[in-house]
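1. Sequence and predicted structure, then a few things I'm wondering about:
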Amino acid sequence: MRVLLLSMPDSFEHTPALTMRMPNGALASLAGNAGPGHQVSVADLILVQDRVVPTVERLMQQYRPQVVGLSVMTFQRRTALRLVRFLRCIDPSITVVAGGYDPSLAPEAYESSDSGVDYLVRGEGELTFRALLRALEDGRDAAGIPGLSCRHPSWAGAGFRHNPSRAVSRLEGDIALPARAARVLNGYTFMGRGIDIVETSRGCTYDCSFCSIIEMRGRNFHTFDFTRVLADIADARARGARAIFIVDDNITLNVARFEALCRAIVDAGFNDVHYIVQAMTSSIANHGDTLAPLMRRAGFRYVFLGIENVLDEDLQFLRAAAKNAQREGGRQTGNATVRAIERLHAAGIAVVGGIIVGNPDDTRASIETNLSFAKRYVDWPYIQHPTPYPGTPMTVDFRRRNLIVNERVEEYDGTTAVVKTAHLDADEVEFLRWRAERWMKLRHLPYVLRLYTGFVLRHMPVMCAHTFRGSTWRSALGLESERDVFRRYKRMRASEREYVPAMPSDERPVGHEALTTI
């Protein structure tokens, strides 16, 4: 079958397209596991944020897909549903499949036949999607496929029939390498370097209240063998990647394995790549004396550190106290954050500080405490607000306390405050983060200038303009208040989310020529 897989163009505030345009690793994995005989094309729309509609129109005409699959996160839902409507205008006969976190955890959002979605792939997608393609090709009913939700053509106005869930893969040979050759758009970059995605494990055994991973796959941790991992890295390097984001949910759950992986990367000569990874503070703090220098030797340059919060009461709400605990002699002796940062800095590795502010009992003082900590210790702030993603324990708590003030899921991007606290409204929480964070990002310029000199020299004005967008000469001269700048920034941020125009189901996007149905 002819298959077109699309990731959404919506991006996070902390990963602007100029500095970071990463591929969707799940779609390349779907392509690599689709099974024989299918023609699969992958298009990451993050690469064409300013021309989504004409690009999709061209891809539909060029590849004439019978099946279109969309990978969707919650804040991308509105764009995805608009895009499905547009796809249906081009070719009403296509089969539309949606997968990813949002369809998996909020299937009710796609229940209406007006959504235009025929199937939902819930949880891990490779084996489920492969089985679906086989059934469609053979003209068979998909009722027996685990992990799939089906809409039967004769069920006018009805919702989905949800097949039983599929057991998570133990990654013991049933998941083939991603098919990067299936990508049909180019331009994946990190600070001017070609970038790709590699995973070495899946899952996490912690149950942080803000995280969707446990809801997707339960509390477990499974790993790929190093032969496969190194083959994956080799393939990415051969295709031009000089930066690799290791996307594991929690690679530092097994520190000994991670150390062995670092040594394997060095032995294979793959340490000429700049690696980015997510890590747990307690693992880095407790093993950083040996682990951090080894990571640096293997090519790691940035670590996203899950600090979450520096206040014990907030860590209790986030259910993140255990993974941020410093231990000595088997006993918990305090918060691991400072020690972890110091170990990484001593090895010459920059810290991307993942911090969450705006928790239910946060006051102005508690938020300022976390912002001051970030200003002092982290190299690049990745400060977010708690967001009621579908299925998470946090969402249940927020609804019980009536703290959710914004149900527009396109704004559930982590840096738009959509919940208030018991002491502050959501707008004030977001303003405090926004005001402090811009200057933290500016302080990071010397580090990236040393590491990516040519790129930064060429693009520094645009990078600063993005960081301080909303500011004007009037605000620089003190003729406008910070609140005025913040409101202007919010309007700009809202306009950035308009990737696909809204339209009635029987119309084409405004301003576009009539399209020929394929």
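-> Perfect, I can see it now.

2. Could you tell me which ranges of the stretch 351-500 of the chain sit under the pLDDT cut-off?
-> For the stretch 351-500 of the chain, not a single residue meets the criterion pLDDT under 70.

3. Name the residues that touch the longest strand seen in the chain?
-> Assignment by DSSP state E gives strand 300-308 as the longest strand of the chain. Residues outside strand 300-308 that contact it (CB atoms under 8 Å, 6 or more residues apart in numbering) are 208, 262, 274-281, 284, 295, 314-315, 318, 320, 323-324, 337, 340-341, 344, 349-356, 378, 380, 382, 451. In this view, the C-beta of every residue, glycine as well, is placed from N, C-alpha and C.

4. neighbouring strands for it, and are they parallel or not?
-> Here strand 300-308 is paired, per DSSP bridges, with strand 274-279 (parallel), strand 350-356 (parallel).

5. and the ones you listed as a markdown table, adding distance to Arg364 and mean neighbour count?
-> Converted to a markdown table, the strands paired with strand 300-308 look like this (distance: least, CB to CB, whole Å; neighbours: other CB atoms under 10 Å):
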| stretch | distance to Arg364 | mean neighbour count |
| --- | --- | --- |
| strand 274-279 | 30 | 22 |
| strand 350-356 | 16 | 23 |
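
6. any chance of those in TSV, with distance to Asp102 too?
-> Converted to TSV, the strands paired with strand 300-308 look like this (distance: least, CB to CB, whole Å):
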stretch	distance to Asp102
strand 274-279	21
strand 350-356	20
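
7. can you give me the helices for the stretch 301-450 of the chain?
-> Along the stretch 301-450 of the chain, the stretches classed as helices by DSSP state H, counting those that start in this stretch are 312-318, 337-346, 364-377, 393-400, 426-443, 445-451.

8. typo on my end, it should be the stretch 101-250 of the chain
-> According to DSSP H, counting those that start in this stretch, the stretch 101-250 of the chain carries its helices in the segments 101-105, 126-138, 213-217, 226-238.

9. weakest of these by average pLDDT?
-> When those are ranked by mean pLDDT, helix 213-217 comes last with a mean of 84.

10. who does it touch, helix- and strand-wise?
-> Contacts defined by 3 or more CB pairs under 8 Å, 6 or more residues apart in numbering; DSSP states H and E place helix 213-217 against helix 101-105.

11. Dump the helix it packs on to PDB, keeping only the CA atoms.
-> Output in PDB follows, covering the C-alpha atoms of helix 101-105 (Å, rounded to 0.1, in the frame of the first residue of the first chain):
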ATOM      1  CA  TYR A 101       0.100  10.200  23.100                       C
ATOM      2  CA  ASP A 102      -3.100  12.100  22.400                       C
ATOM      3  CA  PRO A 103      -5.100   9.500  20.400                       C
ATOM      4  CA  SER A 104      -3.800   6.900  22.900                       C
ATOM      5  CA  LEU A 105      -4.800   8.700  26.100                       C
END
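
12. so how far is it off the chain centroid?
-> Computed by CA atoms, centre = their mean, to the nearest Å, the separation of helix 101-105 from the middle of its chain amounts to 13 Å.

13. in the sheet, who's paired with the nearest residue to Ile383 once chain neighbours are set aside?
-> The shortest distance from Ile383 to any non-neighbouring residue, by CB to CB, 6 or more residues apart in numbering, is to Ile355 (4.8 Å). When bridges are assigned using DSSP bridges, the partners listed for Ile355 are Glu308, Ile383.

14. ok, Ile355 - contacts?
-> Taking CB under 8 Å, 6+ apart as the contact definition, Ile355 lies against 307-310, 370, 373-374, 378, 381-384.

15. and if you look at Asn163?
-> Residues 142-150 are the ones in contact with Asn163 under the rule CB under 8 Å, 6+ apart.

16. where's the residue nearest to Met440 when sequence neighbours are not counted relative to Leu305, distance?
-> Setting aside the residues directly before and after it, Met440 is nearest to Pro381 in space (CB to CB, 6+ apart), at 4.5 Å. Noted for Pro381: a distance of 11 Å to Leu305, by CB to CB, to the nearest Å.

17. what sits in contact with each of the two?
-> By CB under 8 Å, 6+ apart, the residues touching both Pro381 and Leu305 are 352-353.

18. Between those two, tell me which one has more neighbours.
-> Comparing Pro381 with Leu305 by other CB atoms under 10 Å, the one with more neighbours is Leu305, at 29 against 24.

19. Name whatever forms a beta bridge with the residue nearest to that one when sequence neighbours are not counted.
-> Here the nearest residue to Leu305 in space, its sequence neighbours aside, is Val351; by CB to CB, 6+ apart that works out to 5.3 Å. Each beta-bridge partner of Val351 is listed here, defined by DSSP bridges: Val303.

20. if I read this right, Val351 contacts Arg343, doesn't it?
-> No. Using CB atoms under 8 Å, Val351 is not in contact with Arg343; the gap is 10.0 Å.

21. Now for Asp379: which residues touch it?
-> When the contact criterion is CB under 8 Å, 6+ apart, the partners of Asp379 are 350-353, 444, 447.

22. Grab the nearest non-local neighbour of Phe431.
-> Taking CB to CB, 6+ apart, and ignoring the residues beside it in sequence, Phe431 has Phe486 as its nearest neighbour in space, at 5.4 Å.

23. can you pull the contacts of the one you found?
-> Contacts for Phe486 were tallied using CB under 8 Å, 6+ apart; they are 431, 434-435, 470.

24. what's the span of stretch 119-127 from first residue to last?
-> Stretch 119-127 stretches 14 Å from its first residue to its last (CA to CA, to the nearest Å).

25. when you give positions from now on, start the count at 692
-> Okay, using 692 as the starting number, the last item reads as stretch 810-818.

26. gap between that stretch and the chain center?
-> Stretch 810-818 has its C-alpha centroid displaced from the chain centroid by 17 Å (CA atoms, centre = their mean).

27. outside of that stretch, which residues touch it?
-> Contact with stretch 810-818 is made by 717, 720-721, 723-724, 760, 786-791, 794-795, 798, 801, 819-820, 823, 833, 838-842, 851, 853, 856-857, 859-860, 865-867, 893, 907-908, as judged by CB under 8 Å, 6+ apart.

28. hang on, the earlier thing: now tabulate the helices of the stretch 992-1141 of the chain in TSV and tack on distance to Thr706 and mean neighbour count.
-> Written out in TSV, the entries for these read as follows (distance: least, CB to CB, whole Å; neighbours: other CB under 10 Å):
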stretch	distance to Thr706	mean neighbour count
helix 1003-1009	22	18
helix 1028-1037	20	21
helix 1055-1068	17	17
helix 1084-1091	22	17
helix 1117-1134	12	18
helix 1136-1142	14	14
